[in-house]
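Undergrad: Sequence first, predicted coordinates after that:
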Amino acid sequence: MTGFKEFGKSAANAVLERVGRGVGKVQERRPLSYDVLESEDAYLVVFDAPGVTRSDVQVRYVEGEVQVRLDRFRDFHEGFEMRFPGRGLSLDGRARLPPDADVDAGEASATLSDSGTLRVEVPKRAHGTDVAVRSEAEAEETDEADGADAADETDDAEDE
């Protein structure tokens with residue numbers, strides 16, 4: 001009778017492990033939850049990133065989309081054995097910014113809180129470039145005017 005009891009316990013463990021791994025795979029296929037917020041100077045994308053550390057996080061900005069990959073690990077707990085491995089280890093998330101978002105992705109930053117919240121801030125591109133363009137154009141006009149004055153002075157010197 002003891003052998004049958006051990007067999008039943010072993011079979012139950014195998015079923016729990018398979019079901020747990022299936023649950024983990026489903027979680028890995030489901031995209032991470034997120035919010036997209038906007039201020040005057042940046043977009044903020046907030047992802048739920050439970051159980052990850054900074055070294056587990058990869059963040060990229062590709063074609064108007066913040067992409068996140070989390071590769072987390074299961075901690076070893078001495079004296080315990082895994083019965084139901086239900087948490088996914090590789091999690092992905094993608095958050096599309098609005099179509100008219102003009103951002104400076106090179107200046108983006110990501111922070112991970114102790115509670116497992118990943119905040120990705122993507123600053124909006126500064127639109128002060130018109131001033132710089134005008135300044136260059138004004139400088140060219142000034143140079144041309146200075147060149148014309150210099151030519152007039154040259155002509156005056158030749159007349160003398």
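TA: In hand now; what should we look at? Residues are numbered from 1 along each chain as shown.
Undergrad: From the rest of the structure, what touches stretch 117-129?
TA: By CB atoms under 8 Å, 6 or more residues apart in numbering, the residues outside stretch 117-129 that reach it are 40-49, 52, 57, 59, 61, 66, 68, 70, 95, 97, 101-105, 107-113. Every residue, glycine included, has its C-beta placed from N, CA and C.
Undergrad: Please, a ChimeraX command that selects the buried ones among these?
TA: Listed next is the ChimeraX selection for buried residues among these, using 16 or more other CB atoms under 10 Å:
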select :42,43,45,46,47,49,52,57,59,61,66,68,70,95,97,103,108,110,112
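Undergrad: Quick check on the closest residue to L32 other than its chain neighbours: phi, psi?
TA: Of all residues not flanking L32 in the chain, G93 sits nearest, at 3.1 Å (CB to CB, 6 or more residues apart in numbering). Dihedral angles of G93 (phi, psi; degrees, to the nearest 10) stand at phi -150, psi 150.
Undergrad: So what are the sheet partners of the host helix or strand of T111 and their directions?
TA: Secondary structure from DSSP states H and E places T111 in strand 109-112. Sheet pairing of strand 109-112 (DSSP bridges) gives strand 117-123 (antiparallel).
Undergrad: what is the rounded mean pLDDT of the partner strand?
TA: Here strand 117-123 scores 96 as its mean pLDDT.
Undergrad: Could I get the buried residue list for it?
TA: So, applying 16+ other CB under 10 Å, buried residues of strand 117-123: 118-123.
Undergrad: burial of the residue nearest to L32, as a residue count?
TA: G93 has 21 neighbouring residues, counting by other CB atoms under 10 Å.
Undergrad: Check G116 too.
TA: Neighbours of G116 under the rule other CB under 10 Å: 15.
Undergrad: follow-up on the earlier one: the buried residues of strand 117-123: which two are farthest apart?
TA: Greatest spacing in the buried residues of strand 117-123, by CB to CB: L118 and P123 (17.2 Å).
Undergrad: before we move on, back to that, inside strands: which ones of the contacts of stretch 117-129?
TA: 42-48, 57, 59, 61, 66, 68, 70, 95, 109-112 (DSSP state E).
Undergrad: shaky segments in this protein?
TA: The chain contains residues with pLDDT under 70 at 1-29, 83-88, 128-160.
Undergrad: Per the annotation, how does the chain divide into domains?
TA: 2-126, 128-160 (automatic domain parsing).
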